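Peer 1: Here is a sequence with its predicted model. Questions after.
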Amino acid sequence: MTGPLKKLLSFVAYWLNLWPLVFRMCHVLERKPILAAFTFHRITPEEPDERYLQGYERGVTLAMFERQIDRIARFYTIVDLLTFADIATGKKRPTGKLPLALLTLDDADSDHLLAFAALERRGYPGVAFVPTAFIDTDRRFYHLRLTNICNCLSSDSWRKVLAGDVPAEVKAALQGLTPQTLEERRRVRARLIPPFQKMQPAARDQLLDRWEGLINHVYNLGIACMSWREIIEWSSRGIAMESHTVNHNCLAMLDDNEVSSELADSKTMLEHRTAQAVTAISYPEGSFDARTLRAGEETGYVLGFTAESGLVSYPLKGQDRFLIPRVGARDGNDREICYSIGSVALKRLLMLIGKRCRNLFSWSYHGSGREG
């Protein structure tokens, strides 16, 4: 079954009020309510323009975000981070039968202020994951710098880019492409992301610096991070400001000391600025490894959030606390969130039914005396 058809069917299931049946069946089989963390990224005040070449940058409009959280609230009780952590780690037993949801936003985008206000109007708590080295600075995430470069390329600067000292993987990805039209610029941007994800952060930044010099760089995407003043204010208004590391680099690519400092320094800075305990971390680009889990535990975090999709299988013990999946809702349409709300629960239900059937078959087989 194709993705669009699945989302269409889930949209129908949402409006026919079928998801509560799935939730209740999961509750019966597991004897506890579903626990989920939803994740959002870019929120825009209005429809994004053509300068945003990739889905992450286009994000969803504020109006769509509000519809999405209202959809979630139709079926889930939205909880704060402390409640979520206590339930996830087994410190507190959940009450009631409704599924429980945590709402998270990554990257501390300045437009998240619109999302925070929307949550506050509804009385919902939320979590923002903050990359501390980007706050109150002119630093930009590498993928935004790539988009800006693609938008600024001319025929002359494109030749200079290809003629310069470019890693073989990057040059191979660009062969045969010319950024003359919007669609071609999107193709260049898409081709650049995989090799750039594999580069060491220092080498990647040096290459971007060189390219920006070739195009007489002026950053004009308008996407930036929040200020410390805004972070401090919203920290006191129901938004938990948690760690997204210091430099937003892929943790699995860093050495041991860098991993430790990325986790420890971001935690220390946020706690100093907000005067609130920082207990959770979200891994940039979903990148982590065994060292990350150890560093999270040693640094004093309680929870770590991945980019894996799924529900939380709680109570969590040991390093499983740092492998929490989240449910994404990036597409700017109703079908996406209706699919996200229930599809992971349906997968869980099918897994639980399959497990019960296997156990029943095993008991029946052994109970009949057929073993060996």
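Peer 2: Perfect, I can see it now.
Peer 1: The helix or strand hosting residue 172 - contacts with which helices or strands?
Peer 2: Using DSSP states H and E, residue 172 sits within helix 168-174. If contacts are counted by 3 or more Cβ pairs under 8 Å, 6 or more residues apart in numbering; DSSP states H and E, helix 168-174 sits against helix 155-163, helix 182-198. To be clear about C-beta, it is placed using only N, CA and C from the backbone, and glycine gets the same treatment.
Peer 1: if you average pLDDT over that helix, what comes out?
Peer 2: Across helix 168-174, pLDDT averages out at 90.
Peer 1: And for stretch 230-241?
Peer 2: Rounded mean pLDDT across stretch 230-241 is 97.
Peer 1: Then stretch 306-324?
Peer 2: On average, stretch 306-324 scores 95.
Peer 1: try stretch 335-354
Peer 2: 84.
Peer 1: what does stretch 149-157 give?
Peer 2: pLDDT averaged over stretch 149-157 gives 87.
Peer 1: Pull out the buried positions in that stretch.
Peer 2: 149-153, 157 (16 or more other Cβ atoms under 10 Å).
Peer 1: go on, stretch 273-281?
Peer 2: Neighbour count says stretch 273-281 has 273-274, 278-281 buried, by 16+ other Cβ under 10 Å.
Peer 1: ok, now stretch 114-132?
Peer 2: 114-116, 118-119, 124-132.
Peer 1: Endpoints of it, how far apart?
Peer 2: End-to-end distance of stretch 114-132 (Cα to Cα, to the nearest Å): 20 Å.
Peer 1: do the same with stretch 71-87
Peer 2: Note: stretch 71-87 ends 23 Å apart using Cα to Cα.
Peer 1: In the stretch 51-200 of the chain, mark out all the helices, start to finish.
Peer 2: 55-58, 62-75, 81-88, 112-122, 142-152, 155-163, 168-174, 182-198 (DSSP state H, counting those that start in this stretch).
Peer 1: Of those helices, give the one that comes closest to residue 136.
Peer 2: Set against residue 136 and scored by Cβ to Cβ, these come closest in helix 112-122, at 14.6 Å.
Peer 1: Now do the closest one: which elements does it pack against?
Peer 2: strand 43-44, helix 62-75, strand 100-106, strand 126-130, helix 228-235.
Peer 1: quick one: which of the buried residues of stretch 114-132 is nearest to residue 16?
Peer 2: residue 124 (25.4 Å).
Peer 1: for that closest one, phi and psi?
Peer 2: Residue 124 has phi and psi values of phi -100, psi 140 when expressed as degrees, to the nearest 10.
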